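Student: Dropping a prediction and its sequence here:
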Amino acid sequence: MHGLVAQRQIEISGLTLDVNEVLQDEFVIQYLKQEKEKAWEGFGYAEANKIFSSQFQDPLVNVLLAEYYFSEQSYMQAMSLLNQLDASSNESLDIYELKAKIYRELEEYELAIDQINNAILVHRTNPVFYADKADIYLNMGDSLSALEYYQKAWELDHSDYNTAIKAATIHAANKQIDEAIRWLDRTEGFGEGKNEVNSVKVKILREQGANEEANQILMQMFEKGKVQAGEELASYYLTALQYDSALWCATKILETDSTHLDALLMKGEVFDQRGYYTSSLQYYDIVLSLDSLNEEALEGQRKVNGKIAYLRQIKEKKAAIPTFDFAAPKQ
């Protein structure tokens, strides 16, 4: 694409350019980058087609516009733009990577691998390309090849916890639990992604029945302020009928957020199970004061009130049974 604007006028970022004005490549590039950062919000086919029908020299215009069409799942339009470019241009890596993404979405996995291989030939030390290649092999159902390339990606970048998570997930699926845990332990000391890594580790341990170890991890996360870990821990304890532990978790959550609905509901259920019906109703009432249509609280109230009514009936029946005084037998 090279030359002048080929239409009467084009509006970009609030500006209107007449046909006689030269539309500079750099202006369009900056505009497209701006729209990409905003996830193409407010940028549509009308704007894209205006730029597409114009002609520009810089291949980056094509690449950015192709990224927009890719985001809209217009894969053929995106590929058409990329195919106009010389693979030896400065944007070759972006071209190969985006083509690989397109072929992957089209489930043309062999062609996607070819594009990633082209990118690796240009930049052999970029871990992203090896991770992308592993992802494609995983789509193909080839977990062994996927593990090989996740390993290569990890060797080039020890900070990408997603690589460790994906490799661990494959090993866990193959029942290689120790190896899965070893992969996750490689991220020890990471700040970013630590919670996500721990969540995967907990899931793997749960699947193996190692609930105590899983609970220890969740407790450590909970003590560091991760409320979601406390929710999961409380839910486990409730399912396991460990009511005191569930109550403790719910209480700790409410110390942080007194309007936490799930914690309030859990206390209502625990008190119900323990037979403290008045306390149970109090917590269901609190939930309904925050959310008057909360179905779980309404159902909880109905069940507790039903139990109270049943116990009242039993008590009344017992009270209605006549008592008799019998004289002691004569000696």
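Tutor: Structure received. Numbers count the residues shown, from 1 in each chain.
Student: Output the lowest mean pLDDT helix or strand found in the protein.
Tutor: strand 15-18 (a mean of 40; mean pLDDT, DSSP states H and E).
Student: Which strands and helices lie in contact with the helix or strand just after it?
Tutor: Using DSSP states H and E, the helix or strand that follows strand 15-18 in sequence is helix 25-37. Applying 3 or more C-beta pairs under 8 Å, 6 or more residues apart in numbering; DSSP states H and E, we find helix 25-37 packed against strand 9-12, helix 45-52, helix 59-71. Every residue, glycine included, has its C-beta placed from N, CA and C.
Student: Nearest residue to the middle of the chain?
Tutor: For the chain, the residue whose C-alpha lies nearest the mean C-alpha position (C-alpha atoms, centre = their mean) is Glu196; its distance is 9.3 Å.
Student: ok, it to Ala153 distance?
Tutor: 17 Å (C-beta to C-beta, to the nearest Å).
Student: Kindly report the same for Lys166.
Tutor: 9 Å.
Student: Please say which of those two ends up with more neighbours.
Tutor: Ala153 (25 against 21; other C-beta atoms under 10 Å).
Student: Flag the shaky bits of the stretch 1-150 of the chain, pLDDT-wise.
Tutor: For the stretch 1-150 of the chain, the stretches flagged by pLDDT under 70 are 1-23, 55, 87-89.
Student: swap the cut-off to 80 and go again
Tutor: Within the stretch 1-150 of the chain, the segments meeting pLDDT under 80 span 1-25, 42, 49-57, 86-91.
Student: Chain neighbours aside, what residue packs nearest to Ile95?
Tutor: Of all residues not flanking Ile95 in the chain, Leu82 sits nearest, at 5.4 Å (C-beta to C-beta, 6 or more residues apart in numbering).
Student: Surely that neighbour is in a strand?
Tutor: No - using DSSP: H, G, I helix; E, B strand; the rest coil, the assignment for Leu82 is helix, not a strand.
Student: Contacts only, for it.
Tutor: Applying C-beta atoms under 8 Å, 6 or more residues apart in numbering, we find Leu82 in contact with 62-63, 66, 95, 98-99, 102.
Student: mind running it again at 7 Å?
Tutor: The contact partners of Leu82, taken as C-beta atoms under 7 Å, 6 or more residues apart in numbering, are 62, 66, 95, 98-99.
Student: Check Lys36 too.
Tutor: Going by C-beta under 7 Å, 6+ apart, the list of residues near Lys36 reads 64, 67.
Student: How much space separates it from Ile321?
Tutor: Distance, Lys36 to Ile321, by C-beta to C-beta: 81 Å.
Student: And for Gln24?
Tutor: Gln24 is 98 Å from Ile321, by C-beta to C-beta.
Student: again with Asn305
Tutor: Asn305 is 25 Å from Ile321, by C-beta to C-beta.
Student: Neighbour count: those two, which is higher?
Tutor: Asn305 (14 against 6).
Student: While we're on the more buried one, how confident is the model there?
Tutor: At Asn305, the pLDDT value in this model is 90.
Student: Quick check: which element contains it?
Tutor: Applying DSSP H and E, one finds Asn305 within helix 295-320.
Student: Flag every buried residue along that helix.
Tutor: Along helix 295-320, these residues count as buried under the neighbour rule (16 or more other C-beta atoms under 10 Å): 297, 300-301, 304.
Student: That one packs against which elements?
Tutor: helix 261-273, helix 277-290 (3 or more C-beta pairs under 7 Å, 6 or more residues apart in numbering; DSSP states H and E).
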